[in-house]
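Participant: here's my sequence, what's the structure:
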Amino acid sequence: MKTKLTTVAVTALMAGSPAMAELVFPSLSYRTGPYAANGIPFADGYEDYFTLLNERDGGIGGEPVRVVECETGYNTEKGVECYEATKGEGSLVYQPLSTGITYQLIPKVTADGIPMHTMGYGRTSAKDGSVFRNVFNYPANYWDGASVAISHLLDINGDDLSGKKVALVYHNSAYGKEPIRTLEELSEKHGYELSLLPIDHPGQEQKSQWLQIRRERPDYVIMYGWGVMNQVAVQEAANIRFPMENFIGIWWSGSENDVRPAGEAADGYKALTFHNLGDDYPIYDDLKQYVVDAGKAAGAGDQLGTALYNRGMYAAMLAAEAARTAQEIHGTQALTPAQMRDGMEALEITEEKMAALGLPNFGPTFSVSCENHGGDGYGAVAQWDAAADEWKMITEFFQSDQEVIEPLIDEDAAAFASESGIEPGC
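Facilitator: Below you'll find the model as predicted:
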C-alpha cells in the first residue's frame, strides 16, 4: 500500500510557535492495473486542484491542504484497507472512485462520522440524506445517467422508442448493475425492448457479447464500463461495424483513453457527462503557472483538460467549496469530519461561484440539503470527434426523469433503512 503526501505539515516560522492546522483530503487512487488509464487522470486532477489552492491561496480559508493518496488498484479489499489506514489522519471526506468500495464503506463512514462523496457513482439511493446522513452523490447519479441516455434517444427519435431495441453492455459488478432497474422502468414507460449483456472483470474478453449484438441487431447500445473494458468495447463495436453514433457510454465510459486506441473507427461514439469538457477556462492559466510550470503536478502534467482530469478537478473543487461552507457555518478554519459533513449538506454551487473559481459554465448549478444529497440530476451528451481528437458537447445540460427515479430512490432508501435499523429523519 502506497501513501503519498501532497504537502507536508507547514513548519512553524518561529521556534516554539505552534504548528498550523491542516485540512486532510484522502485520495483513494489507482495508478496501476487494468483501470489505471482512467484512474490516473482523475487522481491527477484531484491532487493538482488542491496543490493550486495551497500554492496560490495558502490553502482553504488560510488552512493548508494535505492530500493523502493511497493506491487501491480498484480493489475493494484494498480500498477498505486504505480507509482504515488513513481515517486517523484527520481525513475530512472520502472519494473512493469505486462503487464496490463505496458499498463497503457506507456503514463504516456512518459509524465513524466521516462524510463520503461518490460523485456520479456509488449507491444511487444515497441521494436520500434522511437515511444516508454521511453519504453524498451530487451532482448526478447512475440512475440519472440511465435516464439522460434514454431521454437523448427519445429526442433523436421524435419522442418515440416503441419497438426499438436497447442493449446494456455493463461491467459485471455493483457498478454495472446499478442502472438495470431504472432502464427496466423506463422500458415499460417508453416501450423499448431491453437486453442485458454483462462483461466480467476486467473486461478484456467481450467477443461473445458483441457477436450477440451483431446477431440481435439492437438499435442502440448503452455502456456502463470502466478501464480497459471501455477500450475493448469501442474496438469490438468497430469490428462488427456497429454505428458509433448509436453507442452511448455513461460518464465513466467517456474519456480520451477509451476512444483513442480505436483511431478513426471511434468517430461518432457518444458519452454522457455531468460537467463541461476541455481546457478553455481561466483556471487552467493558474494551474499552468502555479502547478505545472512550478514542477508540482501530480503526474506528468499531460492530462490537463482531459475528461477525467476535469472530473478529478471538479471533485476537488466541490470538496474545497464544501470545506469553505463548513468554515463559514462553524466559524473556524480548522475542521472536523462532522463539520465537513455539515458543509457538504449546505453546499450551493451557483454560476457566480463557478465563474469566480475560474470555471464559468463548467456545470449545472445545484444545492444540497438534508433531504437531497444528490443534486438535481442534470447531464449532457458529448460526442467523440476523431479528426479533431476531442470530445464535443452536442446537447445542453438537461434533467433526468425524476418521476421515474425519485420513487425508486425512496423505495431503495426505505429498504436500506429498515435493514439497517435506521430511523429516517432530518
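Participant: going by C-alpha atoms from here, please, whenever you check contacts or count neighbours.
Facilitator: OK.
Participant: so where is the protein shaky, pLDDT-wise?
Facilitator: Counting by pLDDT under 70, the low-confidence segments of the chain come to 1-20.
Participant: just give me the longest helix of it.
Facilitator: helix 307-330 (DSSP state H).
Participant: just the helices in this protein please.
Facilitator: 36-52, 76-86, 99-112, 142-156, 174-177, 180-190, 207-216, 228-239, 256-259, 283-287, 307-330, 337-345, 351-356, 402-420.
Participant: would you mark the buried spots in the fourth one?
Facilitator: Burial within helix 142-156, assessed by neighbour count using 16 or more other CA atoms under 10 Å, is assigned to 142-153.
Participant: what of stretch 231-240?
Facilitator: Here stretch 231-240 shows 231-238 as buried, counting by 16+ other CA under 10 Å.
Participant: now, which of those residues sits nearest residue 336?
Facilitator: residue 231 (40.9 Å; CA to CA).
Participant: tell me the contacts of the closest one?
Facilitator: Residue 231 makes contacts with 257-259, 261-262, as judged by CA atoms under 8 Å, 6 or more residues apart in numbering.
Participant: now swap in residue 241 and tell me
Facilitator: By CA under 8 Å, 6+ apart, residue 241 has no neighbours at all.
Participant: please report how far it lies from residue 234.
Facilitator: As for residue 241, its distance to residue 234 is 10 Å (criterion: CA to CA, to the nearest Å).
Participant: separation between the nearest residue to residue 152 once chain neighbours are set aside and residue 278?
Facilitator: Taking CA to CA, 6 or more residues apart in numbering, and ignoring the residues beside it in sequence, residue 152 has residue 381 as its nearest neighbour in space, at 7.8 Å. As judged by CA to CA, residue 381 and residue 278 stand 14 Å apart.
Participant: who's more crowded, those two?
Facilitator: residue 381 (25 against 15; other CA atoms under 10 Å).
Participant: what's the burial count for residue 418?
Facilitator: With other CA under 10 Å as criterion, residue 418 counts 13.
Participant: now it: how far from residue 412?
Facilitator: Applying CA to CA to residue 418 and residue 412 gives a distance of 10 Å.
Participant: can you check residue 340 too?
Facilitator: 26 Å.
Participant: higher neighbour count, those two?
Facilitator: residue 340 (27 against 17).
Participant: report the contact partners of the closest residue to residue 260 other than its chain neighbours.
Facilitator: For residue 260, ignoring the flanking residues on the chain, the nearest one in space by CA to CA, 6+ apart is residue 266 at 7.3 Å. Neighbouring residues of residue 266 by CA under 8 Å, 6+ apart: 234-235, 238, 244, 259-260, 384, 386.
Participant: rerun at 10 Å
Facilitator: 231, 234-235, 237-238, 243-245, 258-260, 383-386 (CA atoms under 10 Å, 6 or more residues apart in numbering).
Participant: next one: residue 189
Facilitator: 161-162, 183, 404.
Participant: cool, residue 332 as well?
Facilitator: With CA under 10 Å, 6+ apart, residue 332 has these contacts: 61, 324, 326, 339.
Participant: just the buried subset of the residues you listed, please.
Facilitator: Here, 16+ other CA under 10 Å leaves 61, 324, 326, 339 buried among the contacts of residue 332.
Participant: closest one to residue 30 among the helices of the chain?
Facilitator: Short answer: helix 36-52, nearest of these by CA to CA, at 5.2 Å.
Participant: show me what that closest one is packed up against.
Facilitator: strand 23-29, strand 65-71, helix 228-239, helix 256-259, helix 283-287, helix 307-330 (3 or more CA pairs under 10 Å, 6 or more residues apart in numbering; DSSP states H and E).
Participant: chain center to that helix, what's the gap?
Facilitator: 12 Å (CA atoms, centre = their mean, to the nearest Å).
Participant: which parts of it are buried?
Facilitator: Across helix 36-52, burial judged by 16+ other CA under 10 Å covers 36-52.
Participant: which of the buried residues of helix 142-156 lies closest to residue 89?
Facilitator: Nearest to residue 89 among those, with distances taken as CA to CA, is residue 142, at 30.7 Å.
Participant: residue contacts, residue 311?
Facilitator: 41-43, 45-46, 119, 251, 273-277, 305, 317.
Participant: how near is residue 406 to residue 224?
Facilitator: From residue 406 over to residue 224 (counting by CA to CA), the distance is 21 Å.
Participant: so those two - more neighbours on which side?
Facilitator: Using other CA under 10 Å as the criterion, residue 406 and residue 224 rank with residue 224 on top: 27 against 16.
Participant: now do that one against residue 293, distance only.
Facilitator: 36 Å.
Participant: now the buried residues of stretch 231-240 in CSV, with distance to residue 394?
Facilitator: Shown next, in CSV, are these (distance: CA to CA, whole Å):
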residue, distance to residue 394
231, 22
232, 24
233, 22
234, 19
235, 23
236, 24
237, 21
238, 21
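Participant: residue contacts, residue 255?
Facilitator: Contacts of residue 255 (CA under 10 Å, 6+ apart): 37-38, 41, 226-227, 230-231, 249, 271, 306-309, 384, 390-391.
Participant: with residue 360 instead?
Facilitator: Counting by CA under 10 Å, 6+ apart, residue 360 makes contact with 276, 280-283, 350-354.
Participant: got these as TSV, with distance to residue 132 columns?
Facilitator: Below are the contacts of residue 360 laid out as TSV (distance: CA to CA, whole Å):
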residue	distance to residue 132
276	28
280	36
281	34
282	36
283	33
350	25
351	28
352	29
353	27
354	27
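Participant: and of those residues, the nearest to residue 372?
Facilitator: Closest to residue 372, out of all of those and judged by CA to CA, is residue 350, at 16.6 Å.
Participant: surely residue 396 is in contact with residue 148?
Facilitator: No - under the criterion of CA atoms under 10 Å, residue 396 makes no contact with residue 148, lying 11.4 Å away.
Participant: that concludes my questions; thank you for your assistance.
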